[in-house]
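Colleague: got a predicted model here, sequence first, then my questions.
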Amino acid sequence: MRLAHILAAIAVGLSAATARASEPALVLEGKIALGRVSGRIDHLAVDLDRQRLFVAELGNDTVGVVDLKTMTTLSTLTGFREPQGIGYVRASAEVWVANAGDGSVHILGAADLSSKGRIELGDDADNVRLDASGSRVFVGYGKGALAVIDATSYARVADLPLKAHPESFQLDPATGRAFVNVPDAGHVAVMDIVAKRQVASWQVPGLRSNFPMAVDNDGGQVFVAFRRPAKLVVFAGRDGTVVNTLDLCDDSDDVFLDARRHRLYASCGAGAVDVFARNAQGWAHKERIPTISGARTSLFVPDLDRLFVAVRASGREPAALWVFRPTP
């Protein structure tokens, strides 16, 4: 190859590398209108088989059903009381919706969205999680408990007592533990699921209002976002040792691990998604992606490789899901 050709190839490679380096970590790919939906939007869940996304539209007392194939809203379901937690049970093709307003959990068939049952928890039903087998559903509720519900019979088989109302929580199938944010008690509770008791509490002096959480069960780390002051804390899952403490955007309500890229995405009501990346020293802030004020909640779907950010209606924007594509 002649020298000129070699230099040209090098120039092309450098240009491509520079373009990749300047590309943001998340690229806004599109917006899915949610229709005439007002008020706060809470959590989301995905049905990969039908390529649908479910949106807990808390302030509107509705659940939005989004078709991801056409990027449109199929329907807006009514009959809820401040829906905030939502989960999809793949084994039975059901959508579980937890309502803050009356403490109920509504169960819908994913195929036709008809009602299949209702469970009364009594007060402030919140986040919904499934165990690894999909046979049990965990719902945070009330003044301090995780309800453990049989996904087939809908029977509540256990309660895991907590010191105050649980916010985000995650399950570790390898150890049989649950990590639970309990902001009014000022700690992260570590629960033994089988023994139904708290075995540890993790605190960080000076930090309060721990709401969102993510876990890396393979890497043995727990990521907790605090709001006052706004910090992301990385804990060692084995004993709660603080690995990193990083500045974070204000009013965070969801954080997700992108295991493929060794990144974290934290969505914040201040109008941003903060991106963190793992390096040899631990974790570091990589980038702040602008969204819009009030866009607190989100869902990262690894199978689709997309981050969906819920944007509430305002004078600037209609209610919508903003769809972000992570870059390499």
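Modeller: Alright, I've got the coordinates.

Colleague: isn't D192 right up against D172?
Modeller: No: using CB atoms under 8 Å as the test, D192 is too far from D172 to be in contact (10.8 Å). Glycine gets a C-beta too; all of them are placed from N, C-alpha and C.

Colleague: from G64, how far off is V275?
Modeller: 26 Å (CB to CB, to the nearest Å).

Colleague: comparing these two, which shows the higher neighbour count?
Modeller: Just comparing V275 and G64: by other CB atoms under 10 Å the higher neighbour count belongs to G64, 25 against 21.

Colleague: the nearest residue to that one once chain neighbours are set aside in helix, strand or coil?
Modeller: Closest residue in space to G64, ignoring its immediate chain neighbours: V55 at 3.7 Å, by CB to CB, 6 or more residues apart in numbering. Classification of V55 by DSSP: H, G, I helix; E, B strand; the rest coil places it in strand.

Colleague: wait, isn't V55 in contact with R40?
Modeller: No: using CB under 8 Å, V55 makes no contact with R40, being 11.5 Å away.

Colleague: more crowded one of those two?
Modeller: Legend: neighbour count by other CB under 10 Å for V55 and R40, higher for V55 (30 against 18).

Colleague: ok, that one - contacts?
Modeller: 34, 41, 44, 63-66, 86, 310, 321 (CB atoms under 8 Å, 6 or more residues apart in numbering).

Colleague: in strands only, show me these.
Modeller: The members of these that map onto strands under DSSP state E are 44, 63-66, 86, 310, 321.

Colleague: of those, closest to A110?
Modeller: V65 (9.6 Å; CB to CB).

Colleague: I'd say the closest one and D112 touch.
Modeller: No: if you go by CB under 8 Å, V65 and D112 don't touch, sitting 11.3 Å apart.

Colleague: out of those two, which sits in the more crowded spot?
Modeller: V65 (21 against 6).

Colleague: and the more buried one, what's its pLDDT?
Modeller: Looking at V65, its pLDDT reads 98.

Colleague: now it: how far from R312?
Modeller: 18 Å.

Colleague: since we're on R316, how many residues are nearby?
Modeller: Residues near R316, counting by other CB under 10 Å: 9.

Colleague: so what's it up against?
Modeller: Residues near R316 by CB under 8 Å, 6+ apart: I292.

Colleague: any idea how far it is from T291?
Modeller: 11 Å.

Colleague: can you check A185 too?
Modeller: Distance from A185 to T291, by CB to CB: 30 Å.

Colleague: more neighbours: those two, which one.
Modeller: T291 (25 against 18).

Colleague: could you find the closest non-adjacent residue to Q170?
Modeller: V215 (4.2 Å).

Colleague: and that neighbour, helix, strand or coil?
Modeller: V215 ends up strand, using three-state DSSP.

Colleague: dig out what it forms beta bridges with.
Modeller: Here V215 sits in beta bridges with V222, as judged by DSSP bridges.

Colleague: pull up the gap between it and L28, please.
Modeller: 27 Å.

Colleague: more crowded one of the two?
Modeller: V215 (20 against 15).

Colleague: return the residues in contact with that one.
Modeller: Counted by CB under 8 Å, 6+ apart, V215 has contacts 170, 172, 179, 221-223, 237, 257.

Colleague: for D47, same thing?
Modeller: 53-54, 88, 90, 93, 95, 110.

Colleague: and I6, what pLDDT?
Modeller: Among the per-residue scores, I6 shows a pLDDT of 41.

Colleague: would you map the helices across the stretch 1-150 of the chain?
Modeller: 3-22 (DSSP state H, counting those that start in this stretch).

Colleague: which stretches of the stretch 101-250 of the chain have low pLDDT?
Modeller: Within the stretch 101-250 of the chain, no range satisfies pLDDT under 70.

Colleague: where exactly do the strands run in it?
Modeller: 104-109, 115-120, 128-130, 136-141, 145-150, 156-161, 169-172, 177-182, 187-192, 197-202, 208-216, 221-228, 230-236, 242-247 (DSSP state E, counting those that start in this stretch).

Colleague: and E82, which of these is closest to it?
Modeller: strand 104-109 (10.3 Å).

Colleague: ok now the closest one, how far from the chain's centre?
Modeller: Computed by CA atoms, centre = their mean, to the nearest Å, the chain-centroid distance of strand 104-109 equals 20 Å.

Colleague: which strands and helices lie in contact with it?
Modeller: strand 94-99, strand 115-120 (3 or more CB pairs under 8 Å, 6 or more residues apart in numbering; DSSP states H and E).

Colleague: pull up the pairing partners for the first one, direction included.
Modeller: Counting by DSSP bridges, the strands paired with strand 94-99 are strand 83-89 (antiparallel), strand 104-109 (antiparallel).

Colleague: could you check the angle strand 62-67 makes with that strand?
Modeller: 150 degrees (axes from the mean of the first three to the mean of the last three CA atoms, to 10 degrees).

Colleague: and the angle from strand 94-99 to strand 115-120?
Modeller: Using the same axes, to 10 degrees: strand 94-99 against strand 115-120 is 40 degrees.
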